[in-house]
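K.L.:
Need coordinates for the below:
(one chain, ligands or ions: 1)
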Amino acid sequence: MTETTYLSLRDRAVFVTGGGSGIGAAIVQAFAEQGARVAFVDVAEEASRALADRLVDAGHAKPWWRVCDVRDIGALQSAVADASAELGDFAALVNNVASDDRHTLESVTPAYYDDRMAINERPAFFAIQSVVPGMKRLGFGSVINLGSTGWQGKGAGYPCYAIAKSSVNGLTRGLAKTLGQDRIRINTVSPGWVMTERQITLWLDDEGEREIARNQCLPDKLKPHDIARMVLFLAADDGAMCTAQEFKVDAGWV
Ligand SMILES: NC(=O)c1ccc[n+]([C@@H]2O[C@H](COP(=O)([O-])OP(=O)(O)OC[C@H]3O[C@@H](n4cnc5c(N)ncnc54)[C@H](O)[C@@H]3O)[C@@H](O)[C@H]2O)c1
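P.N.:
From the prediction side, this is the model:
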């Protein structure tokens, strides 16, 4: 639960990609706690259903959600349209979906490369394209793209993910002027190493613990909730004059 109540987020419709687990789930939960009307898509059906049930059990409105593989742009566009028909025009879009599967330089085929971009790069652009007409009708909007500090700190073992994630800043910078004419803001939120279940299970080992201690300025581990807090600020009117920027939430790593 965030300590701040953002009055402007109450009843606002927001759309989150990859909202079923990890940081996305924390973002969905944080919006629900603010009284926003949340929609999310994810491939993980069980986790998504469990999240929706948890929110309802906690007394929040049932989120709109759908199993949707964002590699299928048509399915993503339909999900935005159907969710918007139910919840109204989206005032905020959070492009969160990603997959940081490991790979070597030698192992990558053109098909694998395209697949990484289809998850980590392409959906954000087309999700923006889908929500912007509604934001124009509202007369405002906030797009938040999840970037990463991983490539900025020369993180290894996922070059295709690094390429895609570095493009997030370009997406933000490349659209800010155009969207700004309609009072639509667009920003990047770049997390450091955040302790989701997936990160703890797959990648956090003794060397990882040492890396965190060596690189972060703050000693505590980043939680999904820490990222959600920055996302809320940028989605709310409190972030009114912030656009075209990258906001790092990395405990001072890079
Ligand atoms: N966790 C970290 O340490 C960290 C660090 C830097 C940046 N980030 C960024 O933050 C965002 C969230 O990270 P995370 O760690 O929660 O990611 P994650 O991999 O744990 O979760 C992403 C969500 O997307 C879903 N998903 C994966 N492929 C999908 C597809 N094809 N279609 C629809 N849904 C799909 C997953 O089921 C999951 O719910 C990402 O953009 C990531 O790049 C995370």
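K.L.:
wait, what's in contact with the residue most central in space within the chain?
P.N.:
Nearest to the mean C-alpha position of the chain, by C-alpha atoms, centre = their mean, lies residue 96 at 2.2 Å. For residue 96, the contact set (C-beta atoms under 8 Å, 6 or more residues apart in numbering) comprises 16-19, 23-24, 27, 146. All C-beta spots, glycine's among them, are computed from the backbone N, C-alpha and C.
K.L.:
With residue 17 instead?
P.N.:
Residues in contact with residue 17 (C-beta under 8 Å, 6+ apart) are 24, 40-42, 70, 76, 94-97, 123-124, 127.
K.L.:
please redo it, this time with the cut-off set to 7 Å
P.N.:
41, 70, 95-97, 123, 127 (C-beta atoms under 7 Å, 6 or more residues apart in numbering).
K.L.:
returning to that earlier point: now, which of the contacts of residue 96 sits nearest residue 8?
P.N.:
If you rank the contacts of residue 96 by distance to residue 8 using C-beta to C-beta, residue 27 comes first, at 16.6 Å.
K.L.:
so how far is the ligand from that closest one?
P.N.:
9 Å (C-beta to the nearest ligand atom, to the nearest Å).
K.L.:
Help me confirm that that residue comes into contact with residue 95.
P.N.:
No - assessed by C-beta atoms under 7 Å, residue 27 is found out of contact with residue 95, at 10.8 Å.
K.L.:
Those two: which has the busier surroundings?
P.N.:
residue 27 (31 against 27; other C-beta atoms under 10 Å).
K.L.:
for that one, phi and psi?
P.N.:
phi -70, psi -50 (degrees, to the nearest 10).
K.L.:
Determine the three-state secondary structure at the residue nearest to it when sequence neighbours are not counted.
P.N.:
Among residues not flanking residue 27 along the chain, residue 228 sits closest, at 4.7 Å (C-beta to C-beta, 6 or more residues apart in numbering). Following DSSP: H, G, I helix; E, B strand; the rest coil, we place residue 228 in the helix state.
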